[in-house]
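Colleague: can't give you the sequence, but here's the structure:
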C-alpha cells in the first residue's frame, strides 16, 4: 500500500534554481526518509528525519517535517543537472520495524 | 560500498518458469528483510516482510504462492517468482534492517526481471 502523496509529480527547473518537493502521509510515523533514484537504478538514501525533529540539513538538502499536518518537504538548493532523478519520500511506521511505505515520487529534471 | 547485495541484477526468463532472486546482507546479520516491487515510472510497493526462521508476512494483494520468500539464514533472503508471466516483469528491490546500526535500512541494487 502507498500512503505517501507527493507533489509535484514532475518538476522541471533550470540549473541553479531551487527545487521543492512535498510529501504527505496518513499514519503515525517513527521517521520519514527521502531517497533518490536514477532511471532504472537502485535507491540512494538522502536523509532521515525522525518524528520528533522538525528540520534537518545535509549539504544542499533541507528537509522539514510537520507531524501535525503529516507532511514533509525536501528542498534542493542551487540545483545541478546531476540532480536530475526521481525523488521518493518513505515513511517508517511507528514501532520502527524497518518497513517503509513509499510515496508516489517526484521526477525532477534540471536543465543545464 | 554496498552492504546489501542482490543477485542477479537482471534476468530474462520464459513464461511458466520460476526465477529466484537473492538478497544478501554483506556485513551484518538481518533478521528482517523487505521485498519491494517497482513498475516503470512508478513508486516502490512493499510486497512482503521476510523474517528469518519464520514465514514471511505478505502485504494485502500479494499472492504468497506466487512470490515465495525464504529467509533461511541471517544474511540471506530469497524471492522466487513462480510460474512467471509477462506481467511479473518488474524491478524487484530488497532492503535489510541492521539492528547493530540503530535499525538503519540498507537497500540492495535491485533486480530487473523480464518474462518473455
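Modeller: Nice, I can see it. On a predicted model such as this, the values are computed, not experimentally measured, just so you know.
Colleague: show me the shaky parts of the chain.
Modeller: By default, I'm working from chain A. A:1-4, A:96 (pLDDT under 70).
Colleague: think we crossed wires, I meant chain B
Modeller: B:1-2.
Colleague: and for residue 78, the neighbour number?
Modeller: Let's take chain A. Residue A:78 is flanked by 11 other residues according to other CB atoms under 10 Å in any protein chain shown. Where you see a C-beta, it was placed from the backbone N, CA and C, and this is true even at glycine.
Colleague: chain B is the one I meant
Modeller: Residue B:78 has 19 nearby residues by other CB under 10 Å.
Colleague: quick one: it from chain A, how far?
Modeller: Taking CB to the nearest CB, to the nearest Å as the measure, residue B:78 falls 18 Å from chain A.
Colleague: hmm, who's touching the one helix or strand residue A:91 maps to?
Modeller: Using DSSP states H and E, the element containing residue A:91 is strand A:85-93. Strand A:85-93 has contacts (CB atoms under 8 Å, 6 or more residues apart in numbering or on different chains) with A:3-4, A:6, A:21, A:23, A:25, A:27-39, A:43, A:46, A:72, A:74, A:98-103, A:105-108, B:43-44, B:105.
Colleague: now stretch B:68-84
Modeller: B:13-26, B:28-31, B:33, B:35, B:47-48, B:50-54, B:56, B:65-67, B:88, B:92, B:94, B:96, B:113, B:115.
Colleague: give me phi/psi at the residue in chain B that chain A sits nearest to?
Modeller: Residue nearest to chain A within chain B (CB to the nearest CB): residue B:97, separated by 3.5 Å. The phi/psi pair for residue B:97 (degrees, to the nearest 10) reads phi -100, psi 130.
Colleague: ok, the nearest residue to residue B:64 once chain neighbours are set aside to residue A:47 distance?
Modeller: Leaving out its chain neighbours, the residue that sits closest to residue B:64 by CB to CB, 6 or more residues apart in numbering or on different chains is residue B:58, at 4.8 Å. Separation of residue B:58 from residue A:47 (CB to CB, to the nearest Å): 30 Å.
Colleague: any idea how many residues pack against residue A:41?
Modeller: Residue A:41 has 13 nearby residues by other CB under 10 Å.
Colleague: same deal with the one 10 residues further on?
Modeller: Residues within reach of residue A:51, counting by other CB under 10 Å, total 15.
Colleague: right, and it touches residue A:27 too?
Modeller: No - the pair residue A:51 / residue A:27 is not scored as a contact, 11.4 Å apart, by CB atoms under 8 Å.
Colleague: in its sheet, what does the strand holding residue A:91 sit against?
Modeller: Sheet pairing for strand A:85-93, assigned by DSSP bridges, gives strand A:29-37 (antiparallel), strand A:100-102 (antiparallel), strand A:106-111 (antiparallel).
Colleague: name the nearest residue to residue B:106, ignoring sequence neighbours.
Modeller: Using CB to CB, 6+ apart, the nearest residue to residue B:106 is residue B:4, at 4.4 Å.
Colleague: list the contacts for residue B:17?
Modeller: Residue B:17 neighbours (CB under 8 Å, 6+ apart): B:83, B:84.
Colleague: circling back to that earlier point, what about the residue nearest to the residue of chain B closest to chain A when sequence neighbours are not counted, how many neighbours?
Modeller: In space, residue B:97 comes closest to residue A:98 once its chain neighbours are excluded; the distance is 3.5 Å by CB to CB, 6+ apart. When counting by other CB under 10 Å, one arrives at 22 neighbours for residue A:98.
Colleague: show me what contacts the residue nearest to residue B:38 when sequence neighbours are not counted?
Modeller: Using CB to CB, 6+ apart and skipping the chain neighbours, the partner closest in space to residue B:38 is residue B:91 (4.4 Å). Applying CB under 8 Å, 6+ apart, one finds that residue B:91 lies in contact with A:40, B:37, B:38, B:39, B:40, B:110, B:111, B:112, B:113.
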